[in-house]
Every structure is written in structure tokens, then in C-alpha cells.
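**Q** quick one, fold the following:
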Amino acid sequence: MSGAAVRGPRPAVAAAGYAVARGRGASFLLHRRSAVVAGLLTVLLLVACAASLCVGSSAVAPGQALRAAFGMESSATFVVGTLRLPRMTLGLLVGAALGVAGALIQTVARNPLASPDIIGVTHGAAAMTVGAMTFGTVSTAVLPYWSVAGGLAAAALVYVFAWRGGLHAARFVLIGIGFAIALRSVTQLFLTKGDQQTAQQATVWMTGSLNGRGHAEAAPLAFALLLLLPAVVWAARAARSVVLDDDTATALGVRLGRVRLGLATLGVLLAALATGAAGPVDFVALLAPQIARRLTGGAQIPLLCSALVGAFLTVVADVLARTLFSPAELPVGVLTAAVGAPYLLWLIVSNRTGGRA
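**A** Numbering: from 1, shown residues only. Model prediction:
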């Protein structure tokens, strides 16, 4: 979110790149550059969505795709309305959720290396889901709920072990990486215990894929994100205090422990929900917040721009996954990992050499 509620006008906001937008009974601080970037990202996202509907094994004219998307009579009703639109919708929701999740976790940890797939959240979701698939204890319809439970459990363990009278950023990331490695081993152990068909299904799910997914997965995720929207609005404002140093925030009366716990919990929940819907789509939560922060040029990671970048990355990656090796389709997680892994290496090297991450 690019705005935060304030009680009245502030004289120096214009010099800091902010504008005061007044509504009924309240005023809002609006970061001008963030608003412009959000507008440009929205346009790019619409272009990516159009490409997702039009490009594939059979090309569809933009006019026909638009008619089919809005339920009008069209020759592309089956290709667009049944196959591509549900998949694109899920990609939008998953990417946006991961973008916001990564922004919240990086804000709490104060570390650009912190993201759900690095600190073990998605690995916890994967371990729980693959375990449920392997031992056949649940139906396919409830597997996303097991993913959410696994992600929350992994995050809780990382938080407990990282807490030592406070949440130190480096310790948080290192312990998260340790849990991620351990949980990956547990997942591999589950795979060896299952039959061949279950192991293949679990392996495809672990790569993060939108293949064969659609409204059945998108509808519950959309409902959950709608319920969490008030919490995200709160997080956009609360994150402003977390970027301050601890002494300043405490002097202003901010209860940093509670705020950080709330932000981290919300970020983990969003990441777990996205993982439950599409599997672990790696590196979107790592890339999106950093791209958004560099585009807006602020000290705080903007949640709205992070959501837009995450959605854009996921939709574009899915288009490429469908078309690069057509007629074969790659999991979208393969494409995001191909981009995210080199970026992670660059981020580590730049931090070691004193570069600004």
C-alpha cells in the first residue's frame, strides 16, 4: 500500500516526496513515486494478462479473448474461458500473495535474503503436504489446508528458536535456512516411502505448477485474501514504524515485539495460502519486494507495488512456461527459480562486498 492514515496535514511531507490526500474525516500520506510506479505496474500487469489469454498452442485475437473473458459469445470460449482464464487468475492471486508475504517478512527481518522459501515456510508446507499425500490420510481437496498448517508450524519453530530477548535479523535468517534444509530432507524421506505414482504427483507439486489448476484452487485463495485485506491495510501502516531503529520506535510508543509478530504472522499465512494453492513457487517472494523497493526508491518496501510485481512475475513466468518448449509445459516454479537463483547469488555477493541490497 502506498498510503498511510494520518490525523492531519504535515508541513514537510511535500519535500519528502509525499502528498496529503484528504478524505472524509481523515487524511492520507501518499508517496508520489510509489503511486506512479503502481500505475505503471498495473498497466504492465494488464499487458501480461492479455498475453496469457492470447498466447499459447493456439493463438487467440485480443478481441476474441476479451469477449471470452467477460463471458460473451466467442469462438475462443473454451480455450480462454475454460483453460487460460482460471489459470491466469490463480497466477495473479498466488503472485500477489507471495509478493506481499515477502515484503512483510523482509521488513520484519530487515534482510533482503529473508523470504518464505528461504526461511523454511514453503518447505514446511511441502513437508506436511507430501507427508499427507504419501500416507494417504487425507483427500486431495483438503491438501491446501495441510500446506497452510505446515507453513505456520515451520514459521513458529523458526521464530521460537530465533528469539533471544528480541528478533535478530541474521539469526532469524540463518535458523530459517537450517530449518529449510532439515524440512527438505523430511520431504525427500516421505517421497521414498510412497508408491511411484504418489511420488510423481508430489514431485510435480513441489516444483510449483499452475498446470491443470484453476477456479477450484483460485476461489478459496481469493476468499482468504479478501478476509485478510484489513490486516494487510494495517500492515501497510504498521510497517512504517518497523523500519525505524528500535530506540526511536520505542520512544514513539511502538510495541515492536507485537508489531513484528503480527507482520511476520501475516506474511507467513499469505505464503502458506499461496503454497497450498499452487505448490512452492520459489523466489517470487524474494524478488518482488526488492524490485518494488528499487522502483519506488523508498526505505520502506511498498506492499501494493510488491503485490503487483509478484503477480506480474508469476503471470509472465507461466506464459513462458507454456510456450518456450511447446507442446510440453514446464512448471511455473522452474522459470521463477531460473531467474531467482542468480539474483540470490548476486544479492549474497553484493552484501559481502558492501553493496547496497
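**Q** from now on I want contacts and neighbour counts done on CA atoms only, so please keep to that.
**A** Noted.
**Q** may I have the secondary structure class of V94?
**A** helix (DSSP: H, G, I helix; E, B strand; the rest coil).
**Q** distance check, it against L85.
**A** Distance, V94 to L85, using C-alpha to C-alpha, to the nearest Å: 14 Å.
**Q** who's more crowded, those two?
**A** The neighbour count for V94 versus L85, taken as other C-alpha atoms under 10 Å, is higher for V94 (31 against 23).
**Q** leaving out the residues flanking it, which one is nearest to that one?
**A** Counting by C-alpha to C-alpha, 6 or more residues apart in numbering, A274 is the residue found nearest to V94 once chain neighbours are left out, at 4.9 Å.
**Q** I figured the one you found hits G99, correct?
**A** No - with contacts counted by C-alpha atoms under 8 Å, A274 stays clear of G99, the gap being 10.3 Å.
**Q** what sits up against stretch 307-317?
**A** Applying C-alpha atoms under 8 Å, 6 or more residues apart in numbering, the set of residues contacting stretch 307-317 from outside is 38, 41-42, 44-45, 48-49, 52, 88, 91-100, 284-285, 287-289, 291-292, 332, 335-336.
**Q** please, which helix or strand holds the residue nearest to A199 when sequence neighbours are not counted?
**A** The shortest distance from A199 to any non-neighbouring residue, by C-alpha to C-alpha, 6+ apart, is to L191 (5.4 Å). L191 belongs to helix 169-193 when assigned by DSSP states H and E.
**Q** run the chain-centre distance for that helix.
**A** Relative to its chain's centre, helix 169-193 lies at 20 Å (C-alpha atoms, centre = their mean, to the nearest Å).
**Q** just list what that helix packs against, helices and strands only.
**A** For helix 169-193, the packing partners by 3 or more C-alpha pairs under 8 Å, 6 or more residues apart in numbering; DSSP states H and E come out as helix 85-109, helix 121-135, helix 143-162, helix 196-206.
**Q** a markdown table for these, including distance to V309 and mean pLDDT?
**A** Listed next are those as a markdown table, based on distance: least, C-alpha to C-alpha, whole Å; pLDDT from 0 to 100:
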| stretch | distance to V309 | mean pLDDT |
| --- | --- | --- |
| helix 85-109 | 7 | 92 |
| helix 121-135 | 20 | 87 |
| helix 143-162 | 23 | 86 |
| helix 196-206 | 23 | 79 |
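**Q** wait, which of those is closest to R237?
**A** Among those, the nearest to R237 by C-alpha to C-alpha is helix 85-109 (11.6 Å).
**Q** in the closest one, what's buried?
**A** Residues 85-109 are the ones in helix 85-109 that count as buried (16 or more other C-alpha atoms under 10 Å).
**Q** got the buried residues for the biggest helix by length in the chain?
**A** Secondary structure of the chain per DSSP state H: the longest helix is helix 215-242. By 16+ other C-alpha under 10 Å, the buried positions in helix 215-242 come out as 215, 217-219, 221-222, 225, 232-233, 235-242.
**Q** can you tell me which residues contact L330?
**A** 209, 321-322.
**Q** nearest to L66, of these?
**A** Using C-alpha to C-alpha, the contacts of L330 come closest to L66 at R322, 19.9 Å.
**Q** what score does the closest one have for pLDDT?
**A** Looking at R322, its pLDDT reads 88.
**Q** which non-adjacent residue is nearest it?
**A** Leaving aside its sequence neighbours, R322 sits nearest to E329 (C-alpha to C-alpha, 6+ apart; 4.8 Å).
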